[in-house]
Structure formats: C-alpha cells, structure tokens
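>>> Could you look at this predicted model? Sequence included:
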Amino acid sequence: MVRRNLTGAHYGLTSWLQQRITAIIMLVIAVAFLIFVVVMATTINSNIVSWQNLFQCTLVKIFAQLFFAALLLHAWVGIRDIWMDYVQSNSIKITLHLLTILWLFASLIYSIKIIWA
C-alpha cells in the first residue's frame, strides 16, 4: 500500500515560477515609479496637486493594483511554503492557511478601496 503524504511544499516549478514572475512584475513597476519620482523631484512644479493628478490617472491605478496583486500572490506562495514545510500539525497548518488567506484577501480588498476610491 502506497501512502501519499498530502502535506508539504511539493509544488516545484509552479511555485518557483510564481515567485519569479511576481518579483519581476513588482521590480518593473517599482523601478518605473522610482524613475518617475526622481523626474518629478527635479521639476519645479512638484506639489501635492501634481501627485494627486498622477494618481487620478487610470493607467497609474491599474499598475498600482497590479503591483499589490503581485505582492499578495508573492506573499501567499512564500507563506504557504513556510507553513507547509515547518508546521507539523495538520490542524494548525490548515488554521494558519485559512488565516493567511483571510488576511491576504482583506489586504486585497483594502488595496482596491484605497487605489480606486
């Protein structure tokens, strides 16, 4: 009889790709934003109104939301693997997974509220 262990971080390539792709998305958006901040800081008209106008642009809101969605997926993959690798009790592991999912989902809802409000 073969006993299959259904716990543990045996996701392999999928988890690895998710981590790398989300990291690249966050890096590209962060570098683009940093470049914009440097350019904005060198201009004479950098005031609160120009920043508010920037974040009223739909494209900026889309990229900001994409950044936070990538951040939350990146966090989920990392935290999930930690729980699966280092927590021995299945009941505690499921509880931690559930709490992590609820926290990340609440963070996603909050980011949508902040960015799009």
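Received it, and whenever you're ready, just let me know what you need. Since we're looking at a predicted model, the values are computed, not measured.

>>> Find the least confident helix or strand in the chain, judged by mean pLDDT.
Ranked by mean pLDDT, DSSP states H and E, the weakest helix or strand in the chain is helix 48-54, scoring a mean of 79.

>>> Give me the mean pLDDT for the helix or strand where residue 64 lies.
Following DSSP states H and E, one finds residue 64 within helix 58-86. Mean per-residue pLDDT for helix 58-86: 94.

>>> what about that helix, distance to the chain center?
Helix 58-86 sits 2 Å away from the centroid of its parent chain (CA atoms, centre = their mean, to the nearest Å).

>>> Stretch 104-117 now?
12 Å.

>>> which residues sit in contact with residue 79?
By CB atoms under 8 Å, 6 or more residues apart in numbering, the contact set of residue 79 is residue 100. Bear in mind the C-beta positions are built from the backbone N, C-alpha and C, glycine included.

>>> Tell me the spacing between it and residue 86.
Plainly put, residue 79 is 11 Å away from residue 86 if you go by CB to CB, to the nearest Å.

>>> got it, and residue 62?
36 Å.

>>> Report the contact partners of residue 73.
18, 22.

>>> Quick check, central residue of the chain?
For the chain, the residue nearest the mean C-alpha position is residue 71 (1.3 Å; CA atoms, centre = their mean).

>>> ok, for that one, nearest residue in space, not its chain neighbours?
Leaving aside its sequence neighbours, residue 71 sits nearest to residue 26 (CB to CB, 6 or more residues apart in numbering; 6.0 Å).

>>> about what we covered before: more neighbours: residue 62 and residue 86, which one.
residue 62 (12 against 9; other CB atoms under 10 Å).

>>> Relative to residue 33, how far out is the more buried one?
Taking CB to CB, one finds residue 62 at 13 Å from residue 33.

>>> same thing with residue 59?
Using CB to CB, one obtains 12 Å as the distance from residue 59 to residue 33.
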